[in-house]
Structure formats: structure tokens, C-alpha cells
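*Asks:* Fold the following for me, if possible:
(one chain, ligands or ions: 2)
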Amino acid sequence: MEEAVPERPAAEAPKAVEPPPAPEPTPPAPAPEPVAVKPAPEPEPEEPARMKAADLLAPNRLNVMHEEAAEPEASVGHPEIIAFANQKGGVAKTTTTLNLAVAFAESGYRVLCIDLDPQGNLTMSQGIDPDKVEKSLYDVLVNDMPISEIIVKREIDIAVASIDLAGAEIAMSTKIGRERSLEKALKEVAGDYDFVCIDTPPSLGLLTINALTAANKVIVPVQCEYLSMRGLVQLQNTLKMIQENLNPDVVIEGILPTMLDTRTVHAKEAVEILEENFGDLVFRSRIKKAIKFAEAPVKGASVLKYDSGSSAANYYRELAKEVLANGTAE
Ligand SMILES: Nc1ncnc2c1ncn2[C@@H]1O[C@H](COP(=O)(O)OP(=O)(O)OP(=O)(O)O)[C@@H](O)[C@H]1O
Ligand SMILES: [Mg+2]
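*Replies:* Numbers count the residues shown, from 1 in each chain. Ligands and ions are numbered 1, 2, ... in the order given. Have a look, this model is predicted:
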């Protein structure tokens with residue numbers, strides 16, 4: 001925890017993500033598919049039956065994404081820092097953060113989860129009561145407490161939330177460098193982890209901005225409903241602002257269809273619309289609806305621990321494989 005953290009090299013860092021020290025080598029990554037660069041948004045047809053890319057994306061979004069994808073990955077000694085964000089509530093941000101993190105840990109990676117949501121759902125999902133937590137991310141973000149002091153070891157390591165995190169945005173608002181508080185705090189533990197997974201609240205306020213500023217990747221869980229997808233524009237605008245002002249390196253790792261009810265035509269259509277508009281950015285993995293996802297947090301466990309052999313657990317193992325393949329494909 002006390003090691004000095006090396007600075008990122010300025011320019012020509014190697015492209016490959018550093019493999020973890022101990023773990024099993026991940027299954028061979030599928031050959032990367034050629035990136036399908038989408039044409040510029042076409043003029044609006046008179047009466048479009050479905051949303052078009054232009055409805056969802058700022059004009060230069062895809063260009064930004066692909067340019068960023070060509071940049072060097074995180075350098076030696078730096079974990080992959082993934083923020084799970086969508087300002088829409090109840091789209092499985094917390095469920096995805098925890099279960100994907102545990103899937104990484106199952107593969108031998110060292111994983112830290114950050115509960116940046118004042119609701120404290122991630123903290124609760126690991127059997128910790130946020131009302132009884134004495135030191136939390138509030139102290140880290142507002143009072144510059146070392147993050148190592150608030151990390152609790154469970155299935156994965158977790159930097160816990162407490163109820164007072166709700167006041168952090170206001171308390172931080174007058175602080176210089178308020179958008180970079182989390183990024184700064186994470187430097188202390190950068191050498192200790194291969195992945196840092198940050199759960200964010202359902203808003204695009206200062207806590208989420210801290211997550212996006214600290215992260216190099218963003219995973220966007222999206223509930224497979226037509227209306228849920230409209231909110232992606234707003235998230236994209238916030239991300240563009242972050243890229244321009246605070247963190248040019250952050251990119252969307254992928255959009256994850258969650259809570260998929262494969263029996264309904266509506267859900268299938270919603271996924272098709274996502275794929276039409278976001279192409280390769282949509283993960284191939286699908287998280288289907290399963291009651292186990294609601295049951296597991298009550299037991300203070302991930303689904304992978306609660307029912308390790310279930311198909312629900314395997315959805316996130318598949319996602320972990322896909323994320324690992326993306327990160328090491330180049
Ligand atoms: N695949 C799934 N199938 C069924 N239920 C699910 C699934 N994924 C998550 N849930 C349940 O849906 C609810 C919302 O999920 P979750 O808390 O992960 O969403 P969230 O985006 O983090 O919400 P918030 O915006 O409030 O933080 C929870 O009760 C969770 O157990
Ligand atoms: Mg949540």
C-alpha cells in the first residue's frame with residue numbers, strides 16, 4: 001500500500017494491458033474483429049420507424065471512440081479502472097459491478113470494488129451495513145483519508161460507502177480538484193490491483209464525474225427497453241465533457257444489455273436497436289432476467305457465490321471473458 005506509484009509514461013506506452021502476475025492465462029482471445037466504422041449520420045428520413053444513430057449520438061461520437069481505442073492502454077503497474085455508469089436507476093449497475101468483479105477474481109485477478117453510490121447497495125451486497133460503517137469513501141473524497149483505510153475484504157476488496165456519502169457532493173463542491181479526488185486516492189493502491197470496478201449512483205453529479213475521471217473504461221448497463229436507451233445521449237454528452245476537460249483516455253468499453261427477457265418481442269427489438277446504433281460497442285454477452293440476482297444480495301453474496309453453477313452466474317463469467325479478450329486482443 002505504501003509503494004510509490006509510477007507515473008504513466010507520457011507517450012509511447014506499450015499497447016498490451018499488463019497480464020496479471022499470478023492468475024491462469026485467460027482463454028485465447030478471439031481474433032479481434034475489424035472495427036466497423038460507422039458512416040457519418042445520414043440525413044433524417046421523413047418518418048423513421050426507429051431511432052437512428054443521430055438521435056442517440058453526438059455527431060462526432062464514433063470518431064472519438066475509435067480514435068481513443070487506438071491510444072495506448074493502461075501502462076505497467078496500473079490497474080484497469082472500469083466505471084459502471086448510467087444515470088438511469090435500476091439498470092443493474094451495482095449487480096454488474098459486483099458480479100463482474102467477482103468473475104475477474106475467480107480468474108485470479110486482484111480486484112477492488114468502489115461503492116460510489118450513497119445508497120450503499122454494493123456495500124450491502126457484500127453483507128456490510130452502510131449505516132454502521134465508520135470510515136467510508138466520504139472520508140476519502142472529502143477529508144483525503146488514504147483509501148487503504150476504508151477497504152474491507154469480502155469476496156473482493158471493497159471501498160465502502162456509508163450513508164453520509166450523500167453529503168459528499170456538497171462537501172466537495174468548494175474543494176480544488178474536486179473532480180479528481182477519487183483518481184488521486186486510487187494512486188495509493190494502483191500497484192495492488194489488476195481491476196478497479198467503480199459502481200456509480202443513478203445521476204451524473206460529482207460522484208459519477210469522479211468515477212469517469214478516474215476510469216479508463218466505462219461499461220454502460222442498459223435495460224432492454226426502448227425508453228431506457230434514450231438516456232444514453234445524456235451519458236455520452238457527459239463523457240465527452242470529461243474526455244475534453246478531465247480525462248482524454250476514458251472510453252466506453254461496452255454497452256451491456258441487462259435484465260433481458262428473451263420471451264418478449266420488445267426486448268429483442270430493443271437489443272436490435274442498440275446494435276443498429278452502437279454496433280461493436282454492444283457486448284455480445286447478454287444478462288438475462290433471473291430471480292437469483294435479487295436473491296443473492298439478501299445473502300450478502302454475489303450470484304457467483306450464491307449459486308455458482310447457475311446460468312445467472314455464467315452470464316457474468318461470459319462477460320468477464322469478453323472484457324478480458326477486448327483488453328488483451330491487441
Ligand atoms: N438480470 C437480472 N434479472 C433480474 N433482476 C435483476 C437483474 N439484474 C439486477 N436485478 C435486480 O434489479 C434491481 C436493480 O438492480 P441494481 O441495483 O443492480 O441496479 P442499479 O442500476 O445499480 O440501480 P441504482 O440506479 O438504484 O443504483 C435489483 O433488485 C437487482 O437485484
Ligand atoms: Mg446501484
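*Asks:* Show me the beta-bridge partners of Val218.
*Replies:* Assessed by DSSP bridges, Val218 has beta-bridge partners Ala83, Ile252.
*Asks:* contacting residues around it?
*Replies:* Shown in contact with Val218 (C-beta atoms under 8 Å, 6 or more residues apart in numbering): 82-85, 212, 239, 250-253. In this view, the C-beta of every residue, glycine as well, is placed from N, C-alpha and C.
*Asks:* Looking at neighbours, which among these is most surrounded?
*Replies:* Most neighbours among the contacts of Val218, by other C-beta atoms under 10 Å: Phe84, with 32 neighbours.
*Asks:* Now do the contacts for it.
*Replies:* 93-94, 96-97, 197-200, 218-221.
*Asks:* circling back to that earlier point, export the contacts of Val218 as a markdown table, with columns for distance to Leu186 and pLDDT.
*Replies:* Formatted as a markdown table, those follow (distance: C-beta to C-beta, whole Å; pLDDT from 0 to 100):
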| residue | distance to Leu186 | pLDDT |
| --- | --- | --- |
| Ile82 | 12 | 98 |
| Ala83 | 12 | 98 |
| Phe84 | 16 | 98 |
| Ala85 | 16 | 97 |
| Leu212 | 13 | 98 |
| Leu239 | 19 | 95 |
| Val250 | 14 | 97 |
| Val251 | 18 | 97 |
| Ile252 | 20 | 96 |
| Glu253 | 18 | 97 |
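*Asks:* and which of the residues you listed is nearest to Ile147?
*Replies:* Ile147 lies nearest to Ala83 out of the contacts of Val218, by C-beta to C-beta, at 15.7 Å.
*Asks:* pretty sure the closest one contacts Pro221?
*Replies:* No - applying C-beta atoms under 8 Å, one finds Ala83 not in contact with Pro221, separated by 11.3 Å.
*Asks:* ok, which residues in this structure are in contact with ligand 1?
*Replies:* Contact residues, the chain versus ligand 1 (C-beta under 6 Å from any ligand atom): 89-95, 117, 119, 121, 202, 258-259, 287, 289-290, 293-294, 297.
*Asks:* now with 5 Å?
*Replies:* Residues of the chain lying close to ligand 1 (C-beta under 5 Å from any ligand atom) are 89-95, 202, 259, 287, 289-290, 293-294.
*Asks:* if you look at the residues you listed, which of them are in strands?
*Replies:* Among these, the subset assigned to strands under DSSP state E is empty.
*Asks:* will you turn those into a markdown table that also has distance to ligand 2, neighbour count and pLDDT?
*Replies:* Listed next are the residues of the chain next to ligand 1 as a markdown table, based on distance: C-beta to the ion, whole Å; neighbours: other C-beta atoms under 10 Å; pLDDT from 0 to 100:
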| residue | distance to ligand 2 | neighbour count | pLDDT |
| --- | --- | --- | --- |
| Gly89 | 8 | 11 | 94 |
| Gly90 | 8 | 14 | 94 |
| Val91 | 9 | 24 | 95 |
| Ala92 | 8 | 19 | 97 |
| Lys93 | 5 | 28 | 98 |
| Thr94 | 3 | 26 | 98 |
| Thr95 | 8 | 27 | 98 |
| Pro202 | 7 | 18 | 96 |
| Met259 | 13 | 20 | 95 |
| Ile287 | 14 | 25 | 97 |
| Lys289 | 17 | 16 | 96 |
| Ala290 | 17 | 18 | 97 |
| Phe293 | 12 | 23 | 98 |
| Ala294 | 13 | 11 | 96 |
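*Asks:* which pair in those residues spans the largest distance?
*Replies:* Pro202 and Ala290 (21.6 Å).
*Asks:* List the buried residues for stretch 243-261?
*Replies:* Across stretch 243-261, burial judged by 16 or more other C-beta atoms under 10 Å covers 243, 246-247, 250-260.
*Asks:* Please export the C-alpha coordinates of the longest helix seen in the chain as PDB.
*Replies:* If each helix of the chain is counted by residues according to DSSP state H, the longest one is helix 311-328. As requested, the backbone C-alpha atoms of helix 311-328 are provided in PDB (Å, rounded to 0.1, in the frame of the first residue of the first chain):
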ATOM      1  CA  SER A 311     -26.700 -19.900 -15.600                       C
ATOM      2  CA  ALA A 312     -27.100 -16.400 -13.900                       C
ATOM      3  CA  ALA A 313     -23.500 -16.800 -12.600                       C
ATOM      4  CA  ASN A 314     -22.300 -17.800 -16.000                       C
ATOM      5  CA  TYR A 315     -23.700 -14.700 -17.700                       C
ATOM      6  CA  TYR A 316     -21.100 -12.700 -15.800                       C
ATOM      7  CA  ARG A 317     -18.400 -15.300 -16.400                       C
ATOM      8  CA  GLU A 318     -19.000 -14.900 -20.100                       C
ATOM      9  CA  LEU A 319     -18.900 -11.100 -19.800                       C
ATOM     10  CA  ALA A 320     -15.600 -11.300 -17.900                       C
ATOM     11  CA  LYS A 321     -14.200 -13.400 -20.800                       C
ATOM     12  CA  GLU A 322     -15.300 -10.900 -23.300                       C
ATOM     13  CA  VAL A 323     -13.900  -7.900 -21.400                       C
ATOM     14  CA  LEU A 324     -10.600  -9.800 -20.900                       C
ATOM     15  CA  ALA A 325     -10.500 -10.600 -24.600                       C
ATOM     16  CA  ASN A 326     -11.100  -7.000 -25.500                       C
ATOM     17  CA  GLY A 327      -8.300  -5.800 -23.200                       C
ATOM     18  CA  THR A 328      -5.700  -8.200 -24.500                       C
END
